[in-house]
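Trainee: the amino acid sequence is not available; the structure is as follows:
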């Protein structure tokens, strides 16, 4: 999810859920930021105006006009079910894969075995988990547009259509690519050589000059439109950072090129740079050999498509380095850039598979990589791909956990707002976020919706499906004028900790009112979960709160495990000795003056049933004796006769 400027409020499209879970169903609705101003009203007519205006708005360095049309259109038709955006990204990747397959048929038609192996390895990269962020965030479909446009242009260049028809189609696709992602303008650069040398017949010098002039005019026009009114994003490193530290910039570019086979981790950054050096060296070696070979239309035609595909990744890495190298080399391992740079590997794979000679595949020229080294190279690539996939799957779990926790925090924005959580995980301007969230909730764009009340019974689960161990309320300590509560929480039906833990007090006449949200220590599951050996996650939580947050008539405290996927809360058992009840019973008294000794406190009445000698029900330890900690057996779960579902 691209970070938005803290100075601008979220737009309608930015507030809709751009971040699905690692599982296909259900999606995770978390608001995101974008650069726009909040209109005076939030009605369907206002959102329709935003549907027309929003695509032209600059977002960071992006002019993503065409992807925004898709995002707004799918959002309006599906009430912002972001799974459709995910499927659109998959369709673009599938189109790219089909184009690679057709290019392989055109250039490796006589070598079926190598062509199939090259296509298999290419698909491992095109659908690689290493680009997990682009798969799992709906609006990241912008990263799949340029590759789909470039590979389609290469297919058109190899076709038997006339040169003007080829240029017209490629110009349209290049314009779409330019106004889709920041590197989209590269499409204009790589299309021209393909149009000149990829055709079935060599074209005249005059036609080449006219093509060059037309491509230059198209590039200049798109660049002028792109940079008209362009504003440098705040907080980004200056472009001059590349020239101030050239070696640093070179390492950044090489790491980008190799991150597909290294993964998003600082610990393997050296591996990414090494892989980038090898890939760039192989690509440059083939380009040099092709240049030295002179005029050989058949051989050039076979290689030019793959050369331009590799050039697309190299130029994209250079563009990213120009804008991001000031943020550090470690930033180059971000998974979102993998969709740009993986095609250098696809290019090298097919260049290695190309026959050494001309059209007949015979000749004295040697292949790019000796045949005896190919199996070893494939084995190394598969091992690195497995490593990158391992790291990506780990990151998926962490990413999913962060989104679910942010979603749970956002759902309580009106009832139990946690300002720190909202500012850190959702959006820095909480009042603006609340206004937009309520406006979109009125239109039905949140599923499940924002919670309407802090009465736990209105969104708690008390039916048979709520059976199970949802954790425990272990400790309630007095620390000066505040209290510290802690415990464990879990969701048995998901086999993982909850997305939030709510603390609630019992009111006279029954019922519980949530007043605070506890801090979870869980940060995501690890890879071992895929072997069904348990979640291995930290289920603990803790919360410090002031005594003034509790009303005078508060009779007990309870902890509730909240599931952000369903919007329901589940009662955690009180281990702090509750006499068969699912809460820690409390008394709220007046504090005595300091130094007066023996003042009344907010403390649980320990009603523990002991089987050993000397135990007495209702015996309460003194605060010094028990270190003011509440320990005891789990209480029996309270059964309710009705099913209070989320409204």
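Mentor: Structure received. Quick caveat: nothing in here was measured; it's all calculated off a predicted structure. Residues are numbered from 1 along each chain as shown.

Trainee: other residues contacting stretch 238-254?
Mentor: For stretch 238-254, the external contacting residues (C-beta atoms under 8 Å, 6 or more residues apart in numbering) are 272-273, 276-277, 280, 317-318, 320-326, 329, 331-332. Any C-beta I mention is one placed from the backbone N, CA and C, and that applies to glycine too.

Trainee: just the mean pLDDT for it, thanks.
Mentor: Across stretch 238-254, the average pLDDT comes to 83.

Trainee: sort out which residues of it are buried, please.
Mentor: Buried positions in stretch 238-254, judged by neighbour count with 16 or more other C-beta atoms under 10 Å: 241, 242, 249, 250, 251, 252, 253, 254.

Trainee: what does stretch 427-434 give?
Mentor: Residues of stretch 427-434 classed as buried by neighbour count (16+ other C-beta under 10 Å): 427, 429, 430, 432, 433, 434.

Trainee: same thing with stretch 121-135?
Mentor: In stretch 121-135, counting by 16+ other C-beta under 10 Å, buried: 121-126, 128-135.

Trainee: any idea how far that stretch is from the chain center?
Mentor: 14 Å (C-alpha atoms, centre = their mean, to the nearest Å).

Trainee: now do the same end-to-end measure for it.
Mentor: Stretch 121-135 has an end-to-end distance of 19 Å (C-alpha to C-alpha, to the nearest Å).

Trainee: which stretches in the chain count as strands?
Mentor: Secondary structure of the chain (DSSP state E): strands at 471-479, 482-489, 500-506, 512-520, 540-546, 556-563, 568-571, 573-574, 584-585.

Trainee: got JSON lines for the ones you listed, with mean neighbour count and mean pLDDT too?
Mentor: Listed next are the strands of the chain as JSON lines, based on neighbours: other C-beta atoms under 10 Å; pLDDT from 0 to 100:
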{"stretch": "strand 471-479", "mean neighbour count": "20", "mean pLDDT": "84"}
{"stretch": "strand 482-489", "mean neighbour count": "21", "mean pLDDT": "88"}
{"stretch": "strand 500-506", "mean neighbour count": "26", "mean pLDDT": "90"}
{"stretch": "strand 512-520", "mean neighbour count": "21", "mean pLDDT": "88"}
{"stretch": "strand 540-546", "mean neighbour count": "17", "mean pLDDT": "88"}
{"stretch": "strand 556-563", "mean neighbour count": "26", "mean pLDDT": "89"}
{"stretch": "strand 568-571", "mean neighbour count": "26", "mean pLDDT": "89"}
{"stretch": "strand 573-574", "mean neighbour count": "26", "mean pLDDT": "61"}
{"stretch": "strand 584-585", "mean neighbour count": "24", "mean pLDDT": "47"}
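
Trainee: so who does residue 351 touch?
Mentor: Residue 351 makes contacts with 282, 283, 286, 303, 306, 307, 310, 368, as judged by C-beta under 8 Å, 6+ apart.

Trainee: same deal with residue 91?
Mentor: Contact partners of residue 91, counting by C-beta under 8 Å, 6+ apart, are absent.

Trainee: kindly state the pLDDT recorded for it?
Mentor: pLDDT, residue 91: 96.

Trainee: and it, how far from residue 144?
Mentor: 9 Å (C-beta to C-beta, to the nearest Å).

Trainee: output the longest helix belonging to this structure.
Mentor: Determined from DSSP state H, the single longest helix within the chain is helix 374-411.

Trainee: how many residues are close by residue 326?
Mentor: Using other C-beta atoms under 10 Å, residue 326 has 20 neighbouring residues.

Trainee: how far away is it from residue 227?
Mentor: Residue 326 is 20 Å from residue 227, by C-beta to C-beta.

Trainee: low-confidence ranges in the chain?
Mentor: Residues of the chain that meet the criterion pLDDT under 70 lie in 1-59, 234-235, 237, 293-295, 356-368, 463-467, 523-536, 574-647.

Trainee: centroid-nearest residue for it?
Mentor: residue 133 (3.8 Å; C-alpha atoms, centre = their mean).

Trainee: could you pull out the helices in the stretch 301-450 of the chain for me?
Mentor: Taking DSSP state H, counting those that start in this stretch to define them, one finds helices in the stretch 301-450 of the chain at 338-341, 343-353, 374-411, 419-421, 430-442.

Trainee: the stretch 151-300 of the chain too?
Mentor: 163-178, 186-197, 205-227, 241-244, 246-258, 269-292, 297-324.

Trainee: buried set for the longest one?
Mentor: Spelled out, that is helix 297-324. 299-324.

Trainee: then the second one?
Mentor: Using 16+ other C-beta under 10 Å as the burial criterion, the residues of helix 186-197 that qualify are 186, 187, 188, 190, 191, 192, 193, 194, 195, 196, 197.

Trainee: identify, from the residues you listed, the entry nearest to residue 445.
Mentor: residue 187 (34.1 Å; C-beta to C-beta).
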